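**Q** Have a look at this fold, sequence not included:
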């Protein structure tokens, strides 16, 4: 999968390219990340990419021309006629979640657009954006952090990125349930012991315990998710 991130601060994006699981996937050729500097495409000799908003108001607005030209340059290199999804990271959008991450992970190319200042000229958004995505109901200083959150969540859903393919299907939010508690060595730490069922070697009992803990944790921490979870009739009677 190829990520093209249109940004005014490419160095922020490059920090994630060679780190941890994502970095390993990049080194194996499973993922590529390209930070495209919008400023490189401005027609202004002073590299200016913003101007005052029409109608007045505080702040500045990113201009349409450099954003469009940066996007067009990427599209020309991809060599596809349409079909490439361009995501604008903005709080004025549906909130990103695991279901979205799985959907976007099916794509071969994704273009992420990072805004700044008071936003981007609406005309270019209408021209190039296919999807509007928010990572939460709050405002940040720019779209780079949301783009990295989005890219990380999507990338780990791409086959081959996670070394243990099961981990992507057993972690939090799969099936609208939070993940069960995890334990490692030693068996006792600070007076607290690992639950005996995890030491039993009985995989059926371990699976049953993990399922119960997952439901209990969801009921305690995210009850809003529980109503959407795939529960058995017995589980519904106990937890709903």
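**A** Right, received. Where do you want to start? Keep in mind it's a predicted model, so treat the numbers as computed, not measured.

**Q** Please name the residues that touch residue 63.
**A** 42, 49, 50, 51, 121 (C-beta atoms under 8 Å, 6 or more residues apart in numbering). All C-beta atoms are positioned from the backbone trio N, CA, C, and that covers glycine.

**Q** 6 Å instead, please
**A** By C-beta atoms under 6 Å, 6 or more residues apart in numbering, the residues touching residue 63 are 49, 51, 121.

**Q** Go ahead and confirm the first one touches residue 40.
**A** When you say that, I think you mean residue 49. No: the criterion here is C-beta atoms under 6 Å, and residue 49 misses it with residue 40 at 9.9 Å.

**Q** residues making contact with the helix or strand encompassing residue 70?
**A** According to DSSP states H and E, residue 70 maps onto helix 64-78. For helix 64-78, contacts defined as C-beta under 6 Å, 6+ apart pick out 4, 6, 36, 38, 41-43, 49, 84, 109, 111, 120-121, 123-124, 128.

**Q** right, and the pair among those with maximum separation?
**A** By the measure C-beta to C-beta, 43 and 109 form the most distant pair in these, at 26.1 Å.

**Q** More neighbours: which of those two?
**A** Using other C-beta atoms under 10 Å, the more surrounded residue of residue 43 and residue 109 is residue 109, with 19 against 11.

**Q** least trustworthy helix or strand in the chain by mean pLDDT?
**A** Every helix and strand of the chain was ranked by mean pLDDT, DSSP states H and E. The lowest is helix 167-170, at a mean of 55.

**Q** Now the element after that one, going C-ward?
**A** Trace forward from helix 167-170 with DSSP H and E and the next one is strand 188-189.

**Q** Any regions of this protein where pLDDT drops low?
**A** For the chain, the stretches with pLDDT under 70 are 80-82, 164-172.

**Q** before we move on, back to that, may I see the contacts of residue 63 organised as JSON lines, with distance to residue 70 added?
**A** Converted to JSON lines, those look like this (distance: C-beta to C-beta, whole Å):
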{"residue": "49", "distance to residue 70": "10"}
{"residue": "51", "distance to residue 70": "17"}
{"residue": "121", "distance to residue 70": "13"}
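
**Q** nearest residue to residue 93 other than its sequence neighbours?
**A** Take residue 93 and drop its neighbours on the chain: the residue closest to it by C-beta to C-beta, 6 or more residues apart in numbering is residue 132, 3.6 Å away.
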